[in-house]
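Peer 1: could you look at this predicted model? Sequence included:
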Amino acid sequence: MSTRRRLYRSVLTAILLWLLAASSEAAPTVRQVLLLQSLDRGSLVFDTVTANFRAALQERTVEPVTVTEFVVAPAGFTESPEKAIVDFLQAAFTDRPRPDLVVTVGGPAAAFARRHRPELFPDTPILFAATEVRFLRDAPLAENETSVPVAIDYPALVDDILQLLPQTKHLFMVNGSGPLGRFWHDELERNFERYRDRLTFIWTDDLSYEQLLQRAATLSPDSAIFFISSGTFATGGWQGEERALADLSARANRPMFGAQSVWLGSGIAGGRLLYVEDLGAVAANAAVRIMNGEPAASIKIPPLQLGQAAFDARQLRRWNISESQLPAGSDVRFRPPSLWRDYRREVLGGLGALVVQSIFIAGLLYQRRARQRAEIDSSRHLALAADANRRATMSALTGSIAHELSQPLNAILHNTQAGELLLAGNRATPDALRDILADIRTADVRATQIIERHRTMLRNRQLDVKPVDIHAVVRESVALVAHDTRARQVQVDLDLPPEPCFVVGDQVLLQQVLVNLMVNAIDAMGEISPDRRRVRMCNTVGRDTVEVSVRDAGSGLPETVNGALFEPFVTTKTDGIGIGLTIARSIVEAHRGRMDARNNPEGGATFTVTLPLKGSPVVAA
């Protein structure tokens, strides 16, 4: 039994060991990245690169990655305690896995890693991120090293300052203290050799923070401030870049310039800038490639250089620097809102649309005025033509006038003679004389009406519209040609409704149209036998219009004038000039109506005038 029990235990132990081994193999490998930061938190440049590197690294790796961060230049130290940091790093990785990759951020961390690589991580790949090329020039990169470098052309920045402030003779260089401050002091003095006879450089690596601010507040008018780095100061202590820039901007009496894009908006006026926002992502891409097995030395990344010039509009306004002095293509930020500057295209588009619309409206107004003038001229010409046509028509009706007047005049004469005979025969009684005088008065009124009717037709007048009874106009027109119809043995038939029918128009001009049509109808029947000479006048009242038709029994309209009957100088008479119907149609159209003509199936023609009733819409097209 004990043997069997021991066998069971052995089998169970083997199974457990196998399961543990399997779970161990299934657990994902955690990659270790050691991140050496040059300065404590507070460096806008290095903090931006580090934050972007961490975020991009997590996005681009499938396996879990642990990033361990150490600062090689702790805050408050004028000289970095490198031995203590080396001892700490050695102790930190004694009981934990060695890093798969070392990443440095900034020049001081890169220099530290190179100096202490043999004792810390001789075989670990190193990625020098955001490192100025000056920190790596003393020795070429090793086989397991690569870099994401930057190259700042500081003389070009000095040229920008001199372009904006050509009177500048002194540059106040804010470069910090300690090894980093001394490095930039020595390095830039060599770079600025060509300005020896043009500028005086005032270095600040021997000043405390308060001394730095005091000196910045008392600079001469021909000075400018060049911010390189803050970090530590001569008497110890640490001040982050954002606070240092803010204090300098508040205390300084001259404009301040710098090379880093992340400083714009924090106090510098601007210049050609190094845009470091993408450096972290570039470094993360290189780190992933190295951890995936690609040799570090095979990864070649060109240095990031100064980009587009950018300026803070608030600082330009503060120091009276005109935007016209800026390098071509400069990006000016932090401007106050401006309708013209921010929406110039929209404003110009709106103004252009307004100008086009104004021109269009002006054109319409001009056309409207021209049309009104044309309508006035047309109305005047129509009145002149109608007057000429009216006089010609009345001249043709001279016999009718004489005949109509002869009847009341003869009645007056006969009544006068009858009265004289009664008086001569002493037979005149008051009643007889009263009857004679009444007849004379009636005949006189009749003669006056005849004369006034023809005077009205002959009077030169403009279009005078008012409500008129179209049935009464037809009756007056028939009366005007009554003598002529009797003389030429033409029978006129009237078919008029008993109720009045009002249109808005000029009574005399409408009479002229109807007289013209009746005269034409009489003339059209001159060659047929008298017993067939009939003119029918008919008014047909619709819902919105009234049709006045003049129907004759003549020879009808010839096909040669089909479609051109109302055109000027088109006539069917041998002695006509062809303007009567043209004028008649113009008068009708001036009354918002229309005129048409057609041949009758049984012979002859019918002319129809269609007019809108009072208060109805326009009839004519």
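Peer 2: Right, received. Where do you want to start?
Peer 1: thought Lys614 was touching Pro467?
Peer 2: Yes - counting by C-beta atoms under 8 Å, Lys614 does reach Pro467; the two are 5.5 Å apart. Placement of C-beta: from N, CA and C, glycine included.
Peer 1: show me whatever sits in contact with both of these two.
Peer 2: Residues touching both Lys614 and Pro467 by C-beta atoms under 8 Å, 6 or more residues apart in numbering: Phe502, Val503, Val504.
Peer 1: any idea what the first one is bridged to?
Peer 2: Beta bridges link Phe502 to Asp469 when assigned by DSSP bridges.
Peer 1: start the count at 32 instead of 1 going forward.
Peer 2: Yep, numbering from 32; the last one is Phe533 now.
Peer 1: got a list of what it touches?
Peer 2: Here Phe533 is in contact with Pro498, Val499, Asp500, Ile501, Leu644, Lys645 (C-beta under 8 Å, 6+ apart).
Peer 1: what about 10 Å?
Peer 2: Phe533 makes contact with Lys497, Pro498, Val499, Asp500, Ile501, His502, Ala503, Val577, Leu644, Lys645, Gly646, according to C-beta atoms under 10 Å, 6 or more residues apart in numbering.
Peer 1: do the same with the last one
Peer 2: Contacts for Val535 (C-beta under 10 Å, 6+ apart) come out as Val496, Lys497, Pro498, Val499, His622, Arg623, Leu642, Pro643, Leu644, Lys645, Gly646, Ser647.
Peer 1: count the residues that sit near the last one.
Peer 2: Around Ser647 sit 16 other residues, with neighbours defined as other C-beta atoms under 10 Å.
Peer 1: one more: the fifth one?
Peer 2: Using other C-beta under 10 Å, His622 is surrounded by 22 other residues.
Peer 1: ok, now Pro156?
Peer 2: Pro156: 24 neighbours (other C-beta under 10 Å).
Peer 1: of the contacts of Phe533, closest to Thr177?
Peer 2: Comparing the contacts of Phe533 against Thr177 with C-beta to C-beta places Gly646 closest, at 94.9 Å.
Peer 1: just want the phi and psi numbers for that closest one.
Peer 2: Dihedral pair for Gly646: phi 90, psi 0, per degrees, to the nearest 10.
Peer 1: quick one: it and Asp575 touch, right?
Peer 2: Yes - between Gly646 and Asp575 there is a contact at 8.9 Å, judged by C-beta atoms under 10 Å.
Peer 1: neighbour count winner among these two?
Peer 2: The neighbour count for Gly646 versus Asp575, taken as other C-beta under 10 Å, is higher for Asp575 (12 against 9).
Peer 1: closest one of the shared contacts of Lys645 and Pro498 to Glu325?
Peer 2: Proximity of the shared contacts of Lys645 and Pro498 to Glu325 (C-beta to C-beta) peaks at Val535, which lies at 97.3 Å.
Peer 1: might you report the residue contacts of the nearest residue to Ala277 once chain neighbours are set aside?
Peer 2: Once flanking residues are discounted, Ala277 sits nearest to Gly298: 5.9 Å by C-beta to C-beta, 6 or more residues apart in numbering. Listed by C-beta under 10 Å, 6+ apart, the contact partners of Gly298 are 256, 258, 272-273, 275-281, 283, 286-287, 289, 343, 345-346.
Peer 1: hang on, isn't Gln543 packed against Val512?
Peer 2: No - the criterion here is C-beta under 10 Å, and Gln543 misses it with Val512 at 11.7 Å.
Peer 1: next, count neighbours for Leu395.
Peer 2: Neighbours of Leu395 under the rule other C-beta under 10 Å: 10.
Peer 1: next, Ser280: secondary structure please.
Peer 2: Recorded secondary structure, Ser280: helix (DSSP: H, G, I helix; E, B strand; the rest coil).
Peer 1: for Val378, helix, strand, or coil?
Peer 2: With three-state DSSP as the basis, Val378 sits in helix.
Peer 1: ok, and the closest non-adjacent residue to Gly271?
Peer 2: Distances taken as C-beta to C-beta, 6+ apart place Gly73 nearest to Gly271, at 2.5 Å, with adjacent residues excluded.
Peer 1: would you confirm that that neighbour contacts Ser261?
Peer 2: Yes - look at Gly73 against Ser261 with C-beta under 10 Å: they come within range, at 8.2 Å.
Peer 1: who's more crowded, the two?
Peer 2: Each of Gly73 and Ser261 has its neighbours counted (other C-beta under 10 Å); Ser261 has more, 29 against 17.
Peer 1: hang on, the earlier thing: inside helices: which ones of the contacts of Gly298?
Peer 2: Judged by DSSP state H, helices contain the following of the contacts of Gly298: Glu272, Glu273, Ala275, Leu276, Ala277, Asp278, Leu279, Ser280, Ala281, Arg345, Gln346.
Peer 1: residue contacts, the second one?
Peer 2: Residues in contact with Glu273 (C-beta under 10 Å, 6+ apart) are Gly73, Ser74, Leu75, Asp78, Ser261, Val293, Trp294, Ser297, Gly298.
Peer 1: list phi and psi for the residue nearest to Ala555 when sequence neighbours are not counted.
Peer 2: Once flanking residues are discounted, Ala555 sits nearest to Gly585: 3.1 Å by C-beta to C-beta, 6+ apart. For Gly585, the backbone dihedrals (degrees, to the nearest 10) come out as phi -80, psi -150.
Peer 1: thinking again about what came up before, closest to Ala449 out of the ones in helices among the contacts of Gly298?
Peer 2: Set against Ala449, the nearest of those by C-beta to C-beta is Arg345 (118.5 Å).
Peer 1: tally of neighbours for that closest one?
Peer 2: Using other C-beta under 10 Å: Arg345 sits among 16 other residues.
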